[in-house]
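K.L.:
Fold the following and give me the result.
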Amino acid sequence: MLHNPVQEHVDLIAKHELEFLARRTRTERIGDTVASFAGSLVFVALHVIGVASWIAVNTLSIPNIRHLDPAPYSLLGTFLAFEAILLASFILMRQTRMNRRADERDHLMLQILLLAEKEITAVLGMDRQIAGSVGLPKVAKDKEIEQLSQSTSIDEMAQSIQESLPSE
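P.N.:
Model prediction:
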């Protein structure tokens, strides 16, 4: 079978994502499940049916059914407010985990980009030397290529960006 570098990268990314999901604690998995369900159309439909049923049971005159929460349905409002607090907590916890994963990806990407910058700088330096030895002095002494083949100071670049950005 032929070596496919694109599929290899896709598999590696999928492996990292699965490892991240596997590292979640039991409570994180439960929280993710609740937050995922809360964001579904089934959840919305169940709520519409539940609230409509609550109002119907507490408004209509149905034999042998006592009205526990007459209009303005303060008990229903209390239940829904409590549920909203819990759901907001689950969603915030899930977003925190997602942000943590995004930070991990950003750090990985930064490391890869820094490594690529070093590799490209080295290759440009070798290319300039090769160009000089094969009789291409214009290429070997090109100012832009010469500048690009010098090591980049990440600290200086970060400082320059920080100074260039408008302050808040």
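
K.L.:
Tell me where the protein has helices.
P.N.:
5-22, 26-38, 41-59, 74-133, 137-140, 143-148, 154-164 (DSSP state H).

K.L.:
Out of these, which is closest to residue 65?
P.N.:
With Cβ to Cβ as the measure, helix 41-59 is the member of the helices of the chain nearest residue 65 (6.1 Å). All C-beta spots, glycine's among them, are computed from the backbone N, C-alpha and C.

K.L.:
Residue 112: what's it in contact with?
P.N.:
Not one residue lies near residue 112 by Cβ atoms under 8 Å, 6 or more residues apart in numbering.

K.L.:
Can you give me the distance of the residue at minimal distance from the centre of the chain to residue 20?
P.N.:
Residue closest to the average C-alpha location in the chain (Cα atoms, centre = their mean): residue 102, at 4.2 Å. Using Cβ to Cβ, to the nearest Å, residue 102 is found at 11 Å from residue 20.

K.L.:
Residue 78 - how many residues pack around it?
P.N.:
11 (other Cβ atoms under 10 Å).

K.L.:
List the contacts of it.
P.N.:
Per Cβ under 8 Å, 6+ apart, neighbours of residue 78: none.

K.L.:
Return the distance of it relative to residue 167.
P.N.:
Counting by Cβ to Cβ - residue 78 and residue 167 are separated by 46 Å.

K.L.:
same question, residue 148
P.N.:
Separation of residue 148 from residue 167 (Cβ to Cβ): 31 Å.

K.L.:
Out of those two, name the residue with the larger neighbour count.
P.N.:
residue 148 (14 against 5).

K.L.:
For the more buried one, which non-adjacent residue is spatially closest?
P.N.:
residue 124 (5.5 Å; Cβ to Cβ, 6 or more residues apart in numbering).

K.L.:
Pretty sure the one you found sits against residue 149.
P.N.:
Yes. With contacts counted by Cβ atoms under 8 Å, residue 124 reaches residue 149, the gap being 3.7 Å.

K.L.:
Now list whatever residues contact both of the two.
P.N.:
Counting by Cβ under 8 Å, 6+ apart, no residue touches both residue 124 and residue 149.

K.L.:
neighbours around the residue nearest to residue 140 when sequence neighbours are not counted, how many?
P.N.:
If you skip the residues right next to it in sequence, residue 140 has residue 132 as its closest partner in space, 3.7 Å away by Cβ to Cβ, 6+ apart. By other Cβ under 10 Å, the residues close to residue 132 number 13.
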